[in-house]
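Novice: 3D model of this:
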Amino acid sequence: MEFNSEEYSWKDISIIWLGRIVIRILEIKYKAKQELKPIYGRGSKPLALQSGNESYEGEIKLGQSEIEAAILKAQEIDPNYNVLHLPSTNITICYEKNGIVITDVCKGIKFKELEKALKQGDLDMEITLPWEGLDIEYNTLS
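Specialist: Now for the predicted structure:
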């Protein structure tokens, strides 16, 4: 594939969650982390870095209408459920420009927190859902 200096922008992104494209998506963040431990021996500088466990986390910011739709989906499973009770799910992020689609998949995610808040003067509610997951597959070409 040739190098292309065009960057993806917000208008080039589609998020798929719970089997549908999310319309009222406001922000998405996700990252993979790996434990690193410096290995020391003679002298004061590390001789190597030992890698350990990996972890995956992120957050998604949605409009209230998307959260309410997710709560209804959860209540199909159990009437007492909310977004925190959903079974592990995937979030698929697609970046499309000039017919090339790059897809990242956040796998096996579960949400850690659900907070709703409004203050005087707000015209809409924005809700951020932090999550932890099992894996992130980056740069899957379609």
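Novice: show me where the chain has helices.
Specialist: For the chain, applying DSSP state H gives helices covering 64-77.
Novice: In it, what residue spans correspond to strands?
Specialist: Applying DSSP state E to the chain gives strands spanning 13-17, 20-21, 25-39, 48-63, 89-97, 100-111, 126-133, 135-141.
Novice: looking at the ones you listed, which is closest to K119?
Specialist: Taking C-beta to C-beta, strand 126-133 is the member of the strands of the chain nearest to K119, at 11.6 Å. Yep, even glycine has a C-beta here, placed from its N, CA and C like the rest.
Novice: Distance from that closest one to the middle of the chain?
Specialist: Mean-position distance between strand 126-133 and its chain equals 8 Å (C-alpha atoms, centre = their mean, to the nearest Å).
Novice: For that strand, name the packing helices and strands.
Specialist: Under the contact definition 3 or more C-beta pairs under 8 Å, 6 or more residues apart in numbering; DSSP states H and E, strand 126-133 sits against strand 25-39, strand 48-63, helix 64-77, strand 100-111.
Novice: can you pull the buried residues of that strand?
Specialist: Buried residues in strand 126-133, counted by 16 or more other C-beta atoms under 10 Å: E126, I127, L129, W131, G133.
Novice: I'd like those as TSV, with distance to P46 and pLDDT appended.
Specialist: Output for those, formatted as TSV (distance: C-beta to C-beta, whole Å; pLDDT from 0 to 100):
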residue	distance to P46	pLDDT
E126	43	96
I127	42	96
L129	38	96
W131	33	98
G133	30	98
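Novice: Sweet, I'm off.
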